[in-house]
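1. sequence first, predicted coordinates after that:
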Amino acid sequence: MGDSTTAAGDLRPFLYSSGRMFDLTARYDVVNANAINDRDEIAGRTRDYRAVVLRDGTVDAFGPDDSTASRCSAVHMFLAARSTTPAG
């Protein structure tokens, strides 16, 4: 996981996996990636400043646009994701 600059000069977060780079903004609308854990879950934020956790190709977003919750650290995002995910 890291950042890369597009041909247009935009800075984008990416995930490198299986020999390929995946643009997280184009694919999942994640504009900032803060952390990745050993389960390949990525903590970050969306364009509207919501905290997100990307896992298994699914994005879980938390809080209203530009919320205080969205400005928390990557560690707190993972804790929030674990505590607010419905059982199932």
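-> Nice, thanks for sending it over.

2. which secondary element of this structure has the worst mean pLDDT?
-> Least confident helix or strand, the chain: helix 74-84 with a mean of 53, by mean pLDDT, DSSP states H and E.

3. for the chain, which residue is closest to the average position?
-> The chain has residue 44 as the residue nearest its centroid, 3.3 Å off, counting by Cα atoms, centre = their mean.

4. which element is that one on?
-> Per DSSP states H and E, residue 44 falls inside strand 42-46.

5. chain center to that strand, what's the gap?
-> 2 Å (Cα atoms, centre = their mean, to the nearest Å).

6. report the angle between the helix or strand following it and strand 42-46.
-> Sequence-wise, the next helix or strand downstream of strand 42-46 (DSSP H and E) is strand 51-55. For strand 51-55 against strand 42-46, the angle by axes from the mean of the first three to the mean of the last three Cα atoms, to 10 degrees is 140 degrees.

7. any buried residues in strand 51-55, and which?
-> Of all the residues in strand 51-55, those buried under the rule 16 or more other Cβ atoms under 10 Å are 51, 52, 53, 54, 55. The C-beta positions use only the backbone N, C-alpha and C, and glycine is treated the same way.

8. I appreciate the help and will end here.
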